[in-house]
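J.: task: produce atomic coordinates for the following.
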Amino acid sequence: MSKPHVLVTGATGSQGGHVARALLAAGHAVSALVRRPESDAAAALAREGATLVVGDLTDVPSLVAALEPVDAAYAVTTPFGDGVDAELAQGRAILAAAREAGLGWLLLASVASAGRADVPHFASKAAIEDELRATELDWTVVAPSYFYENVAGGARDGRLPVPLPGDVPLHQLALADLGAAVAAILARREEHLGARIELAGDAPTPREMAAALGAVHVETPLEEVEARSHDLAAMYRFLRDPGYGIDVAAVRERYPEVGWRSFADWAAARA
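T.: Coordinates of the predicted model:
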């Protein structure tokens, strides 16, 4: 059976870009939804084989036009530009367009523990999930945890600031492994229809993360994070206790084809 043609939204961003590249590597036809096809990030995707499709997550007609030719979509929404209300609007536009286009399968990018934590961007993603479940669409929710790349460049002068105590495990994964997991999910449609999949490939403590990066962990006060972003401060309060609580061994066993890398292996390759 031929592999589905997939539209990836947010394809010039970190998450969407890694998913698009993983799907191309797995042999999928990939359309990348972009606002600015002339941008360097869009041009790089085109060179790697993606078809650029101009559209906007708030413009339903452009989304319908992008979705009509494809078999499936990996839809990324974000609250970090214009806030959670804007993310809700993006999600609702995607759902409306997917229904109008008769999309065969919507893979919605969410976050692990959405709906069970008092974190604004968790709540907005949970609300989009709820609205998705009320549709007649075939769907899967892909819910990654924290990304290794969140600390990329964070270790400076031998110090790694993380707003968590040094001994608290933090469930997380590499963006490249997220892309490979999406490819694995697409290869096993019936298993994943109507399912919510939480993903993590490792759960190192901040102290272990720092050691892997050749640094010493420094616990950033939550007050400093709160001064920059209430949303992120709420997330780190949740990650302190109770945290995501993902069974990493079970995730690795379910998707062995991903070739999950540990944080230490990721850090070593980066070095």
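J.: spatially nearest residue to residue 124 (excluding sequence neighbours)?
T.: residue 84 (3.9 Å; Cβ to Cβ, 6 or more residues apart in numbering). (Each C-beta comes from the backbone N, C-alpha and C, glycine too.)
J.: so the one you found versus residue 121, what's the distance?
T.: 6 Å (Cβ to Cβ, to the nearest Å).
J.: list the residues that contact both of these two?
T.: residue 231 (Cβ atoms under 8 Å, 6 or more residues apart in numbering).
J.: below-threshold pLDDT in the chain: ranges please.
T.: For the chain, the stretches flagged by pLDDT under 70 are 1.
J.: so which residues of it form strands?
T.: Using DSSP state E, the strands found in the chain span residues 6-8, 30-34, 51-54, 72-75, 106-109, 139-144, 146-147, 159-162, 172-173, 195-199, 216-219.
J.: centre of the chain to the third one, how far?
T.: So the one you mean is strand 51-54. 20 Å (Cα atoms, centre = their mean, to the nearest Å).
J.: partners of it, with directions?
T.: Here strand 51-54 is paired, per DSSP bridges, with strand 30-34 (parallel).
J.: quick one: contacts of the partner strand?
T.: Contacts for strand 30-34 (Cβ under 8 Å, 6+ apart): 5-12, 16, 20, 23-24, 41-42, 45-46, 49-55, 57, 63, 66, 69-70.
J.: which parts of the stretch 1-150 of the chain are helices?
T.: Taking DSSP state H, counting those that start in this stretch as the test, the helices found in the stretch 1-150 of the chain are 14-25, 40-47, 60-67, 84-101, 120-133.
J.: adding distance to residue 200 and mean neighbour count, write these out as TSV.
T.: Listed next are the helices of the stretch 1-150 of the chain as TSV, based on distance: least, Cβ to Cβ, whole Å; neighbours: other Cβ atoms under 10 Å:
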stretch	distance to residue 200	mean neighbour count
helix 14-25	15	23
helix 40-47	27	15
helix 60-67	30	20
helix 84-101	22	20
helix 120-133	15	20
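J.: okay, the ones you listed in JSON lines with distance to residue 205 next?
T.: Converted to JSON lines, the helices of the stretch 1-150 of the chain look like this (distance: least, Cβ to Cβ, whole Å):
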{"stretch": "helix 14-25", "distance to residue 205": "24"}
{"stretch": "helix 40-47", "distance to residue 205": "33"}
{"stretch": "helix 60-67", "distance to residue 205": "41"}
{"stretch": "helix 84-101", "distance to residue 205": "29"}
{"stretch": "helix 120-133", "distance to residue 205": "22"}
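J.: count the neighbours of residue 259 for me.
T.: Using other Cβ atoms under 10 Å, residue 259 has 11 other residues around it.
J.: meant to ask about residue 102
T.: Residues near residue 102, counting by other Cβ under 10 Å, number 10.
J.: excluding its backbone neighbours, what's nearest it?
T.: The nearest residue in space to residue 102 (Cβ to Cβ, 6+ apart) is residue 68, at 7.7 Å.
J.: against residue 93, how distant is that neighbour?
T.: From residue 68 to residue 93 the distance is 15 Å (Cβ to Cβ).
J.: now residue 221: closest residue in space, sequence neighbours ignored.
T.: residue 163 (7.5 Å).
J.: wait, residue 167 touches residue 209, no?
T.: No. Residue 167 is beyond contact range of residue 209, at 11.7 Å (criterion: Cβ atoms under 8 Å).
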